[in-house]
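Visitor: Quick one, structure for this:
(one chain, ligands or ions: 1)
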Amino acid sequence: MGGFCGNKNILAPKKCSGEARHRGLTQNSAPGPKGADIKEFGDSESGPPLIPMIHAIEAGNKPMVAAIEGFALGGGLELALGCHYRIAHSKARLGLPEVTLGLLPAAGGSQRLPRLIGVPAALDLIITGRHVTAAEALQLGIVDQVTDHHTVDAAVKFALSVAGRPLDARRISSYSCPPVSGDLDALFEEVMRKVRRGARGAIAPVACVQAVRAAATLPYARGMERERELMATLFTSGQARALQYSFFAQRAVSRWSTPSGARWDASAPKPVRKVAVIGLGTMGRGIAVALAQAGFPVVSVETQEKQLTEAKRAVSQMLERGAKRRGVAAPLDKMSYSSNIQAVADVDLVIEAVFEDMGLKKKIFQQLSAVCKPDALLCTNTSSLDVDQLASQTRNPELVVGMHFFAPAHVMKLLEVVYGPRSSPQALATAMQLGKKMGKVSVAVGNCPGFVGNRMLKAYVEQAFFLLEEGATPELVDSALEEFGFSMGFFKVSDLSGLDVGWKVRKEDGLALPGVSTGPSARIRQGRRYSPLGDLLCQRGRFGQKTGSGWYQYGKPGGRVATPDPWLHSFLEEYRAQHGLVPRRIDPQEVLERCLYALINEGFRILEDGIAAGPEDIDCIYVFGYGWPHYRGGPMFYAAMVGLPKVLERLEHYYRAHPDVPDLQPCSLLRRLVASGSPPVQKWKEAIKKLHSQL
Ligand SMILES: CCCCCCCCCCCCC/C=C/C(=O)SCCNC(=O)CCNC(=O)[C@H](O)C(C)(C)COP(=O)(O)OP(=O)(O)OC[C@H]1O[C@@H](n2cnc3c(N)ncnc32)[C@H](O)[C@@H]1OP(=O)(O)O
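Guide: I've put the predicted structure just below:
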C-alpha cells in the first residue's frame, strides 16, 4: 500500500494506473521496502510532506478508496487511514510496526487508529507493532471489505457503489474515540504500568501509549501536535538508531560468508525433507517441537525408555500449547519416536542433542555415520565442544556442522550455525536455511571454544565474580545490569539456570580443581587470576533456585523469588578477609564498564580471528540469544555508540588496575579501529578487511 508520490521517505509504487489515479484509488503491489524506507530515517532533511497529503486526501470531496495488496505497514497504513474507505486483498497484511523501529506512527496513525477501532485494540496494535491479516483487519474495523479477486477492480466497484454518499462521516480525524468500558484514566494507567514493566527502558512503547492517550483525550489537531512532539524525541534517540540498525543486521546475517571464501549466494542448500533429533532432554524436546512446528517430519531417538516416555508426553503438550496459542492444529502427526538409532536411516539431517560429553557425542557420531544415508547432514547442538573433533568420527566430515540452539529451543530466536574447517559450504547453507525455516535468526560462526556467544560471555562472567571479590554484592551487580536493560542480572540468571552448569564446565576445563578452592593458589589458575567463588558455593550444595539458595535465597528448593542472603554477604566478607582482599566501594558504572567492555573486547578478538563475519553477527547473537536489550542494538553497536576511543581508554584503565586479567587488555583490532578514525559500525567489515590485508 502506498501510491503517493513526492514523499522522500515513503516508497511510491512503480505503477499506479491512470484509471486508478483518476478515481482517487491507491494501489501497491510493487516489490521492495514497505512503509517508509528505513535507510532514510537517519537523514535530517525536513519532514516528508506525508501529513499534509493525508489531510488533503481525507478532506477531498471525491470518495477515496484505498486498495490494499501485500503489506500496508507504517506510513502505508496511515495513508490508507486518511482515505474514506479501505478494501484489502485477503492476503494483505496491515500494521503499524514503528515501535519495533523505536518510533511511533507519526503521520496521524496514533490519532486515527484509536478513533477508528477504539483505544484498547489500537493500543494493542501500536504498542506491539504486530501485523494483522486482512480478515482480522476486517473484524477490527480497519478495512471495509476483503476481496479474493483483483483488489483495484473490487475497489472501483466499491467506489461506484458509494459515489454520491456524504463523506463527512468517513473522515476519521473528525471522530471521537469510541467510549471504553470503565474508567479511561484507569485503563491508561494500567496499560502504562504494564508497558513500562515490559519495556525495560525502551522509550518507544511508552511514547506510543502517550500518543494514543492524546487521541483519546484531546481534539484531533492537538493530538497531532502531541504525536509530533513525541516523535521528535524518539526520532533522534539512540534507541531508534539501534533498532533500525538491528532491522538490517538481522537481514545482513543471512548473507553469510566464511574466511575461506564460501558465501551464501554461491552455495545451494540441500533439500531437507525429514529430520532426526537424538536425545530428548530439555534441548532435544525443544528442537523437535520447533522442527515439527516448522512443518518437518521428525523422528526423535531416545535410548532411555523412561526418558522417552516422559518426553513423548512433554513434546505433545508443548505442541498442543503452541498450537492453541497460534490458533492452528497441533502438528502431532509430524512426530515419531524410537529408542533405536536405526530409525534415522532415511532422514536427510540429524541434530544430536545429547548430554554435553565429548566421549558420548563421539560415539553417537560414529553410529550416525554408519546408520545414516551417506549424504545426510550430521549436526550437533553442542554449546562449546569442538565440532571438528566430532566431524573426524564420521565418513564425511564435510557434512558435519554445529546447530547451537538456545533454551527453550522452540522459543528462543537464536541459532548459531557452527562451521568447522572441513564443513562444506553446502552443509553450512543447508543448516542456515533450515534455521530460517524454523523461524530462527541464524548466524554462521567459526569453530572455537564457546563459539561466539559463550566465548564472549566468559569474559563478562569472570568480571562479575571479580567484582564480588573486590567489594560488590550480587544485588549491586545485578541491579546495574538490569538498569542497563537486561531482564535479569548475571547472578539471578546463574541461580535460575543452576550454578552446577558452570561448575561442570570449569571442572572440564581444568579450572575447578578439587582441594584448591582455598589456600594461597586458590585465586590463580592456568597462570591468570581466577575466582573460585562459584565453585565454593557449589561445594556447599548451593546450586541456585533448585536447591533454594545460590547467590540469593529462595526460601525453599524450587522457589522463584530472589531475596538478598545475609549468609552470602558474611561468606563474601570472610572470603575477602581470608585472601587479604580489602573491599572497596564499587559503583554501578564500574560494574557496567568492567562486565560489558570485557565482553565487547572479546567480541573484537572474535572479529579479528574471523570467527564472526561482522559486528552484525555478534549483535544478533546477543540480542536474540543472550537478552541484550534490543534497543541498545547489541554489544558492538553499543561500543560504537559509546565511542571506540572511550571503550579503549576504559579498558586500558582497568587493565592497568588488573594486569593479571588478560581479558581487560584491549584487543589490537580495537586499537587499530580507533587509530583509523573509529569508523561507524556499518563500515567495520570493510575496515577489518582492509586492516587484515595490510598485515
Ligand atoms: C526531527 C524530528 C522530526 C519529527 C517528525 C514528525 C513527523 C514524521 C512524519 C511521519 C513520517 C511517517 C514515516 C512512516 C514510517 C513508516 O512507514 S515506519 C514502517 C516502516 N516499515 C516497516 O517497518 C516494514 C519493514 N519491513 C518488514 O517488516 C519486512 O521487510 C516485510 C515487509 C514484513 C517483508 O518481509 P520479507 O518478505 O521477509 O522481506 P525482507 O527480507 O524483510 O525484506 C526484503 C528487502 O527489503 C528491505 N526492506 C524491507 N522493508 C524495508 C523498509 N521499510 N525500508 C528499507 N528496506 C526495507 C529489506 O531490508 C530486504 O532487503 P535486503 O536485506 O537487501 O534483501
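
Visitor: can you count the residues close to the residue of the chain found nearest the ligand?
Guide: Nearest to the ligand in the chain, going by CB to the nearest ligand atom, is Gly74, at a distance of 2.3 Å. All C-beta atoms are positioned from the backbone trio N, CA, C, and that covers glycine. Gly74: 28 surrounding residues under other CB atoms under 10 Å.

Visitor: Wait, it touches Asp37, no?
Guide: No - between Gly74 and Asp37 there is no contact under CB atoms under 8 Å: 10.5 Å.

Visitor: And Gly450, how far from Asp346?
Guide: Separation of Gly450 from Asp346 (CB to CB, to the nearest Å): 34 Å.

Visitor: Just want to know which of those two has more residues nearby.
Guide: Taking neighbours as other CB under 10 Å, Gly450 and Asp346 compare with Gly450 leading, 19 against 12.

Visitor: what's near enough to touch the more buried one?
Guide: 383-384, 456-458 (CB atoms under 8 Å, 6 or more residues apart in numbering).

Visitor: How about Ile287?
Guide: Contacts for Ile287 (CB under 8 Å, 6+ apart) come out as 277, 351, 353, 381, 405, 409-410.

Visitor: And for Val99?
Guide: Going by CB under 8 Å, 6+ apart, Val99 touches 126-129, 204-205, 208.

Visitor: Put together a markdown table for these, with distance to Phe466, neighbour count and secondary structure on each row.
Guide: Shown next, in a markdown table, are those (distance: CB to CB, whole Å; neighbours: other CB atoms under 10 Å; DSSP: H, G, I helix; E, B strand; the rest coil):
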| residue | distance to Phe466 | neighbour count | secondary structure |
| --- | --- | --- | --- |
| Ile126 | 44 | 27 | helix |
| Ile127 | 40 | 22 | helix |
| Thr128 | 40 | 15 | helix |
| Gly129 | 40 | 21 | coil |
| Ala204 | 35 | 26 | helix |
| Pro205 | 35 | 25 | helix |
| Cys208 | 40 | 30 | helix |
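
Visitor: from these, which two are the most distant?
Guide: Spatially, the most separated pair among the contacts of Val99 is Thr128 and Ala204, at 11.4 Å (CB to CB).

Visitor: quick one on the thing from earlier: where does the residue of the chain closest to the ligand sit relative to Pro629, distance-wise?
Guide: Distance of Gly74 to Pro629, given as CB to CB: 23 Å.

Visitor: cool, Lys689 as well?
Guide: 30 Å.

Visitor: Would you mind telling me which of the two has the busier surroundings?
Guide: Per other CB under 10 Å, whichever of Lys689 and Pro629 has more neighbours is Pro629, with 20 against 11.

Visitor: Contact partners for the residue lying closest to that one once chain neighbours are set aside?
Guide: Distance criterion CB to CB, 6 or more residues apart in numbering; nearest residue to Pro629, sequence neighbours excluded, is Gly485 at 2.9 Å. Neighbouring residues of Gly485 by CB under 8 Å, 6+ apart: 200-202, 628-629, 631-632.

Visitor: Give me the buried entries from the residues you listed.
Guide: Among the contacts of Gly485, those scoring as buried are 200, 202, 628-629, 631-632 (criterion: 16 or more other CB atoms under 10 Å).

Visitor: now, the most widely separated pair of these?
Guide: Largest pairwise distance in those, by CB to CB, is 12.7 Å, between Ala202 and Trp628.

Visitor: List the contacts of Val647.
Guide: 597, 600-601, 639, 670.

Visitor: Distance check, it against Ala612.
Guide: Here the criterion is CB to CB. By it, Val647 lies 18 Å from Ala612.

Visitor: With Thr100 instead?
Guide: Thr100 is 24 Å from Ala612, by CB to CB.

Visitor: Just the pLDDT at the nearest residue to Tyr626 once chain neighbours are set aside, thanks.
Guide: Distances taken as CB to CB, 6+ apart place Gly453 nearest to Tyr626, at 6.0 Å, with adjacent residues excluded. Note on Gly453: pLDDT of 97.

Visitor: and Gly453, how many neighbours?
Guide: Counted with other CB under 10 Å, residues neighbouring Gly453 total 23.

Visitor: again with the one 5 residues further on
Guide: Neighbour count for Lys458, taken as other CB under 10 Å: 19.

Visitor: same thing with Glu482?
Guide: Counted with other CB under 10 Å, Glu482 comes out at 15.

Visitor: Assign a three-state SS to it, would you?
Guide: helix (DSSP: H, G, I helix; E, B strand; the rest coil).

Visitor: List the contacts of it.
Guide: Applying CB under 8 Å, 6+ apart, we find Glu482 in contact with 200, 488-489.

Visitor: Try it again at 10 Å.
Guide: Glu482 is in contact with 200-201, 488-489, 492, counting by CB atoms under 10 Å, 6 or more residues apart in numbering.

Visitor: Dump those into CSV; add distance to Pro583 as well.
Guide: Formatted as CSV, those follow (distance: CB to CB, whole Å):
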residue, distance to Pro583
Arg200, 30
Gly201, 30
Met488, 25
Gly489, 19
Lys492, 22
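
Visitor: Output those as JSON lines; include the columns distance to the ligand, pLDDT and secondary structure.
Guide: Converted to JSON lines, the contacts of Glu482 look like this (distance: CB to the nearest ligand atom, whole Å; pLDDT from 0 to 100; DSSP: H, G, I helix; E, B strand; the rest coil):
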{"residue": "Arg200", "distance to the ligand": "21", "pLDDT": "91", "secondary structure": "coil"}
{"residue": "Gly201", "distance to the ligand": "21", "pLDDT": "94", "secondary structure": "coil"}
{"residue": "Met488", "distance to the ligand": "29", "pLDDT": "95", "secondary structure": "coil"}
{"residue": "Gly489", "distance to the ligand": "32", "pLDDT": "96", "secondary structure": "coil"}
{"residue": "Lys492", "distance to the ligand": "33", "pLDDT": "97", "secondary structure": "helix"}
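
Visitor: I figured Asp183 was touching Glu189, is that so?
Guide: Yes - counting by CB atoms under 10 Å, Asp183 does reach Glu189; the two are 9.0 Å apart.

Visitor: More neighbours: which of the two?
Guide: Glu189 (13 against 10).

Visitor: give me the element the more buried one is part of.
Guide: Under the criterion DSSP states H and E, the helix or strand holding Glu189 is helix 184-199.

Visitor: what's that helix in contact with?
Guide: Outside of helix 184-199, the residues within contact range by CB under 10 Å, 6+ apart are 99, 119-120, 123-124, 127, 177, 180-183, 202, 205-210, 212-213, 216-217, 485, 487, 629, 631.

Visitor: Which ones among those residues lie within helices?
Guide: 119-120, 123-124, 127, 205-210, 212-213, 216-217 (DSSP state H).

Visitor: Narrow those residues to those that are buried.
Guide: Buried by 16+ other CB under 10 Å: 119, 123, 127, 205-210, 212-213, 216, out of these.

Visitor: Relative to Ile618, which of the residues you listed is nearest.
Guide: Pro205 (25.7 Å).

Visitor: what sits against the closest one?
Guide: Taking CB under 10 Å, 6+ apart, we find Pro205 in contact with 99-100, 102, 104, 126-129, 191-192, 194-196, 198-199, 631.

Visitor: my guess is Thr151 meets Ile68, correct?
Guide: Yes - Thr151 sits in contact with Ile68 when judged by CB under 10 Å, with a separation of 6.9 Å.

Visitor: Same drill for the two, tell me which one is more crowded.
Guide: More neighbours surround Ile68 than the other of Thr151 and Ile68, with 34 against 28 (other CB under 10 Å).

Visitor: Surely the more buried one touches Ile87?
Guide: Yes - assessed by CB under 10 Å, Ile68 is found in contact with Ile87 at 6.8 Å.

Visitor: What confidence value was assigned to Cys83?
Guide: pLDDT, Cys83: 98.

Visitor: Top of the contacts of Ile287 by number of neighbours, please.
Guide: Neighbours here mean other CB under 10 Å. Within the contacts of Ile287, the largest count is held by Val277, at 34 neighbours.
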